[in-house]
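Enquirer: next come a sequence and a model predicted from it.
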Amino acid sequence: MRLRGKKEAIVLLIGDLLSFFLALWLALALRSFSLPSWKLMSPHLEAFCWIFAIWIVVFYIANLYHHRTATLFRNRLAVLITNTQLINSLIALVFFYFVRSFGITPKTTLFINLILTLGLLLWWRLYLVVWLTPRRQEQIIFLSAGKEVEELRQELENNSQYQITAPIQTVHSFKPSSAATIAVNLYEEKRPEFLSFLSRLLFSGARVVGVQDLYEDVFDRVPLNLVEERWLLENVSNHPKSVYDLFKRLMDLVLSLVIFTISIPLYPFIWLAIKLDDRGPIFYTEPRVGRHGRFFMVPKFRSMSTEDDLSIRKVTRVGAFLRRSRLDELPQLWSVVLGQQSLIGPRPERPDYVKLYEQQIPYYSARHLLKPGLSGWAQIHQTKHPHFQLQVDATREKLSYDLYYLKNRSIWLDISIALKTIKTILSRSGL
């Protein structure tokens, strides 16, 4: 399923780019009432290629290349494409009329191009892509049970491209089609006769997949109830990835210093706003658990009142704004520079919360194999974040995302998290 998702993403990317360039060619043709010459096309291509590259990034941030996008109903997909292209239109207007670094200001051409681009994208995404990538229904048989397995079954049953077959009663009477996918918990099954049965299915042409991997493909997180020590040993490595670790550290240093330098002019205004609000201290520090369980102090702009009793502290008026805008976290850039945190990683937790979570959530300590981060995989995916209070169930869900990141961490995954974090901040949806 993951491979098919990557192939579909590539097809969608190529189709989007063709739609962009075709719309530009048609816009120039309509503007000049003739086939555009290379002399006319060349400066426009030079300028619009930069715009198109940014548009693709915006499409990626909007999840238009995510495997779940294919399951959206047409009306929802049309709304998503339209809204995203409106953002792209604003970006194009800003670049052409405010940046003025392209040497052209195509007013009429740009207007025609934006309309044609939206029309071509809707036609391509809603109709043509279905014709180019016909799908046959895939049969999936679950040979495992449990909460996450049932959650996975229900999700796939809502997708018409999958046919979920009832679990078999006896292995001897089971004859799947050669296109069937058999989902089983390979860490749970230890019976020699059953493993032999799975081998025969594999040799007959059926596809045998771990239900854990299937769950990850669909939900982008790890099914905690299906995880055990063997899974951790095979999938979560504490061995350093030299190239990745070096790149990540360099990016942490460069980006944190750049962001800090850019944000310096904001510090006096934040200081003044906090002082005028309640005359309390500007900064607030609190202990957090970092890599390998080591404690470190997290600095923030203070966003809560200063009562000694933690139970009666409230978010101040200025603090509410600082939290919504993420400005309260700017001082944490110094902990990134010092190497205590990273820009991307599992969010750090309070020591007293960690002590409780380690007792109630299996494998919770695995998230401490990495440096904590200002943003992470859980923060851009989880809808209800366990913030500022003990929430065992929400934290268990957060750990499922943290383990996914721990297993699949890479340069490209970090870039993906960074881009979607920008989207979250701009939309003020809350980390």
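Expert: Thanks, I have it.

Enquirer: I would like the residues contacting the helix or strand of the chain with the lowest mean pLDDT, please.
Expert: Sorting the helices and strands of the chain by mean pLDDT, DSSP states H and E puts helix 129-132 at the bottom, at a mean of 73. For helix 129-132, contacts defined as Cβ atoms under 8 Å, 6 or more residues apart in numbering pick out Val11, Leu12, Gly15. No exception for glycine: its C-beta is placed from N, CA and C like everyone else's.

Enquirer: so which one among those residues has the lowest pLDDT?
Expert: pLDDT across the contacts of helix 129-132 is lowest for Val11, at 86.

Enquirer: now do the least confident helix or strand of the chain: distance to the chain's middle.
Expert: Put simply, helix 129-132 sits 26 Å off its chain's centre (Cα atoms, centre = their mean, to the nearest Å).

Enquirer: same question, stretch 194-213
Expert: So, by Cα atoms, centre = their mean, the centroid of stretch 194-213 is 31 Å from its chain's centroid.

Enquirer: so how far is Ile282 from the closest residue to Lys314 other than its chain neighbours?
Expert: Among residues not flanking Lys314 along the chain, Ser305 sits closest, at 5.2 Å (Cβ to Cβ, 6 or more residues apart in numbering). Computed as Cβ to Cβ, to the nearest Å, the Ser305 to Ile282 distance reads 14 Å.

Enquirer: now Asp220
Expert: Asp220 sits 38 Å away from Ile282, going by Cβ to Cβ.

Enquirer: for the least confident helix or strand of the chain, buried residues please.
Expert: In terms of neighbour count (16 or more other Cβ atoms under 10 Å), helix 129-132 has its buried residues at Val129.

Enquirer: what's the first helix or strand after it?
Expert: Scanning forward in sequence from helix 129-132 by DSSP states H and E, the next helix or strand is strand 138-142.

Enquirer: pLDDT of that following strand, averaged?
Expert: In this model, strand 138-142 has an average pLDDT of 81.

Enquirer: what does stretch 77-97 give?
Expert: The average of the pLDDT scores along stretch 77-97 is 85.

Enquirer: now the element after the longest helix seen in the chain, going C-ward?
Expert: The residue-count maximum for a helix in the chain (DSSP state H) belongs to helix 2-32. With elements assigned by DSSP H and E, the helix or strand that comes after helix 2-32 is helix 38-61.

Enquirer: circling back to that earlier point, which strands or helices does the longest helix of the chain pack on?
Expert: Of the remaining helices and strands, those touching helix 2-32 by 3 or more Cβ pairs under 8 Å, 6 or more residues apart in numbering; DSSP states H and E are helix 38-61, helix 107-123, helix 129-132, helix 211-219.

Enquirer: which strands and helices lie in contact with the first one?
Expert: Here helix 38-61 is seen to pack against helix 2-32, helix 74-94, helix 411-427 when contacts are counted using 3+ Cβ pairs under 8 Å, 6+ apart.

Enquirer: among those helices, which is nearest Leu156?
Expert: Leu156 sits nearest to helix 2-32 of all these, at 13.6 Å, using Cβ to Cβ.

Enquirer: related to what we said a few turns ago, Asp220 and Ile282: who's more crowded?
Expert: Remark: of Asp220 and Ile282, Asp220 carries more neighbours, 18 against 14, as counted by other Cβ atoms under 10 Å.

Enquirer: just give the closest residue to Ile87, not the sequence neighbours.
Expert: Skipping the residues right next to it in sequence, Ile87 comes nearest to Val58 by Cβ to Cβ, 6+ apart, at 5.9 Å.

Enquirer: put the alpha carbons of the host helix or strand of Val209 into PDB.
Expert: According to DSSP H and E, Val209 maps onto strand 207-210. The C-alpha coordinates for strand 207-210 follow below in PDB (Å, rounded to 0.1, in the frame of the first residue of the first chain):
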ATOM      1  CA  ARG A 207       0.500 -10.800  -0.100                       C
ATOM      2  CA  VAL A 208       1.200 -11.200   3.600                       C
ATOM      3  CA  VAL A 209       1.800  -8.000   5.600                       C
ATOM      4  CA  GLY A 210       2.200  -7.100   9.200                       C
END
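
Enquirer: show me what it packs onto, helices and strands only.
Expert: Using 3+ Cβ pairs under 8 Å, 6+ apart, strand 207-210 sits against strand 181-184, helix 192-203.

Enquirer: winner for burial among the ones you listed?
Expert: Greatest average neighbour count among the helices and strands packed on strand 207-210 goes to strand 181-184 (a mean of 21), per mean count of other Cβ atoms under 10 Å.

Enquirer: which helices and strands does that one pack with?
Expert: strand 138-142, helix 192-203, strand 207-210, helix 211-219.

Enquirer: no more questions from me, cheers.
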